[in-house]
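Peer 1: Let me see the structure of the following:
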Amino acid sequence: MKKDQAVKLITQLSDANGVSGFENEVVKIVQKATKELGSQKTDGMKNLYIESQNNTGERHLVQFDAHSDEVGFIIQAVQTNGLLNFLPLGGWIPSNIAAQKVRVRNRFGEYITGTVTSKPPHFMSEAERNKTLKVEDLFIDVGAISEAEINEIYKIDIGAPVVPAVTCEYDEKTNKFLGKAFDCRIGCACMVDVLDELNKEKLEVDLVATLTSQEEVGLRGALVAAKQVNPDLAIVFEGCPADDTAAPNYLIQTALGKGPMLRYFDVSMITSPEFQQYALEIAKEHNIPVQVSVRSGGGTNGAVINQVKGAPTIIVGIPVRYAHTHHGYVDYQDYQHAKDLVVEIIKSLDWQKIEALTHPL
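Peer 2: Residues are numbered from 1 along each chain as shown. You can find the predicted model right below:
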């Protein structure tokens, strides 16, 4: 995929509305982008399966995975004054939610712009000003003045999905994107780009790519997809939190502009040491910059994919500054290096190498 095509796809995916459980727009974009690359099917979880047109059905199977959902919110209740109570979908810090613009989907699929509001400071007591902000202190205001207007004019119902109202920007001079949902839309775009690149190659493995739903609320789509695909090896594409503005220098393991991150450990999974080492050797051989990390928190779809059949699984994470907020930065060079790494890993695999990875004892 040429750079201008990749930039366009990344921007489209970032802008798409797709909180957990409502990933339809994202799936449609990826379906269109991969329609010439293999057969497609979906399931009731809104998972998308893409089987390479070069598969034979007689070789080891490698699964690619990226999750389609983004963190957002869901409408819980409508107040008599027209304000909307909401709950988070995925992990949020309340202070990052307040005073931000959002889009609320109404019953006809239209997105209505609103703002996240709280009690104005003019009406707060000193105790209220100093207390820790909680989600229950926040509301969404779309401009309505009554519950009746919400129902009759805005046509917003309980259970409506809510996404950050952000438009992706790309700076040609710096190769940086600023937008929403790069966890994991940057991974989704990279997976599509890798599929496109490998479509021209004669491989020794079969490939199935899964675009999976509801990762942010418990890896739910990936569990269903892994049972369907039943892979021998798996590579999970992620938009992983960058730590270069949050950690002391000696602990920075996922810096922007330093290449993709390969994670040894998080609270959900211990990465296959053999597959991890193999990937790092490929990176060294091809002079591809990479970073490695050991994380005390977090989790990825790799956890459930790894557990279905015991398939050795690695995480290829593209650093995202300020993930799980309205606005995040991504460096195109990290995206390109992630793509190059996965392409070279797959091109290098043969029967003997896969047997060594899947049966290391």
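Peer 1: Apart from its neighbours in sequence, what residue is nearest S146?
Peer 2: With sequence-adjacent residues excluded and distances taken as C-beta to C-beta, 6 or more residues apart in numbering, S146 is closest to G82, at 5.2 Å. Bear in mind the C-beta positions are built from the backbone N, C-alpha and C, glycine included.
Peer 1: what are the ranges of the helices in this structure?
Peer 2: All helices of the chain, identified by DSSP state H, fall at 3-15, 24-33, 94-97, 126-130, 147-149, 182-198, 220-229, 273-285, 302-309, 332-348, 351-358.
Peer 1: Comparing those helices, which comes out most buried?
Peer 2: Of all the helices of the chain, helix 182-198 has the most neighbours on average by mean count of other C-beta atoms under 10 Å, namely a mean of 27.
Peer 1: quick one: that one to helix 24-33, angle?
Peer 2: 10 degrees (axes from the mean of the first three to the mean of the last three C-alpha atoms, to 10 degrees).
Peer 1: from the middle of its chain, how far away would helix 182-198 be?
Peer 2: Between the centre of helix 182-198 and the centre of its chain there are 10 Å (C-alpha atoms, centre = their mean, to the nearest Å).
Peer 1: just so I have it, where are all the strands in the stretch 151-300 of the chain?
Peer 2: For the stretch 151-300 of the chain, strands defined by DSSP state E, counting those that start in this stretch occupy the ranges 161-164, 169-171, 176-179, 206-212, 233-241, 261-265, 291-294.
Peer 1: Can you add mean neighbour count and mean pLDDT and give those back as CSV?
Peer 2: Formatted as CSV, the strands of the stretch 151-300 of the chain follow (neighbours: other C-beta atoms under 10 Å; pLDDT from 0 to 100):
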stretch, mean neighbour count, mean pLDDT
strand 161-164, 24, 98
strand 169-171, 13, 98
strand 176-179, 21, 98
strand 206-212, 27, 98
strand 233-241, 28, 98
strand 261-265, 21, 98
strand 291-294, 16, 98
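Peer 1: CSV for those, including distance to A323?
Peer 2: CSV is the format used below for the strands of the stretch 151-300 of the chain (distance: least, C-beta to C-beta, whole Å):
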stretch, distance to A323
strand 161-164, 12
strand 169-171, 17
strand 176-179, 12
strand 206-212, 18
strand 233-241, 4
strand 261-265, 12
strand 291-294, 14
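Peer 1: List just the one of those that sits closest to G310.
Peer 2: Closest approach to G310 among these is made by strand 233-241 (10.6 Å; C-beta to C-beta).
Peer 1: rewinding a little: against H326, how distant is the residue nearest to S146?
Peer 2: 23 Å (C-beta to C-beta, to the nearest Å).
Peer 1: out of the two, which sits in the busier spot?
Peer 2: Neighbour count, other C-beta atoms under 10 Å: between G82 and H326, G82 has more, with 22 against 19.
Peer 1: List the contacts of S52.
Peer 2: Taking C-beta atoms under 8 Å, 6 or more residues apart in numbering, we find S52 in contact with 37-38, 195, 198-199, 206-209.
Peer 1: Looking at it now. What's its pLDDT?
Peer 2: Listed pLDDT for S52 reads 97.
Peer 1: Now V19: closest residue in space, sequence neighbours ignored.
Peer 2: V19's closest residue in space is G72 (C-beta to C-beta, 6+ apart), at 3.2 Å.
Peer 1: how close does that neighbour sit to T117?
Peer 2: 17 Å.
Peer 1: more crowded one of these two?
Peer 2: Neighbours were counted for G72 and for T117 using other C-beta under 10 Å; G72 has more, 25 against 16.
Peer 1: which residues touch the more buried one?
Peer 2: 19-20, 88-90, 161-164.
Peer 1: what about the helices of the chain, which gets the closest to V316?
Peer 2: helix 332-348 (5.3 Å).
Peer 1: okay, the angle between that closest one and strand 261-265?
Peer 2: Using the same axes, to 10 degrees: helix 332-348 against strand 261-265 is 70 degrees.
Peer 1: quick thing: my sequence starts at 50, can you match it?
Peer 2: Happy to do that; since the first residue is 50 now, the last one works out to helix 381-397.
Peer 1: Extract the C-alpha trace of helix 381-397 and format it as CSV.
Peer 2: Only the C-alpha atoms of helix 381-397 are listed here, as CSV (Å, rounded to 0.1, in the frame of the first residue of the first chain):
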residue,chain,number,x,y,z
TYR,A,381,3.7,7.2,10.7
GLN,A,382,7.3,5.8,10.9
ASP,A,383,6.3,3.5,13.8
TYR,A,384,3.4,2.3,11.7
GLN,A,385,5.7,1.6,8.7
HIS,A,386,8.2,-0.2,10.8
ALA,A,387,5.5,-2.4,12.4
LYS,A,388,4.3,-3.2,8.9
ASP,A,389,7.8,-4.1,7.7
LEU,A,390,8.5,-6.3,10.7
VAL,A,391,5.3,-8.4,10.3
VAL,A,392,5.8,-8.7,6.6
GLU,A,393,9.4,-10.0,7.1
ILE,A,394,8.3,-12.4,9.9
ILE,A,395,5.6,-14.0,7.7
LYS,A,396,7.9,-14.2,4.6
SER,A,397,10.5,-16.0,6.7
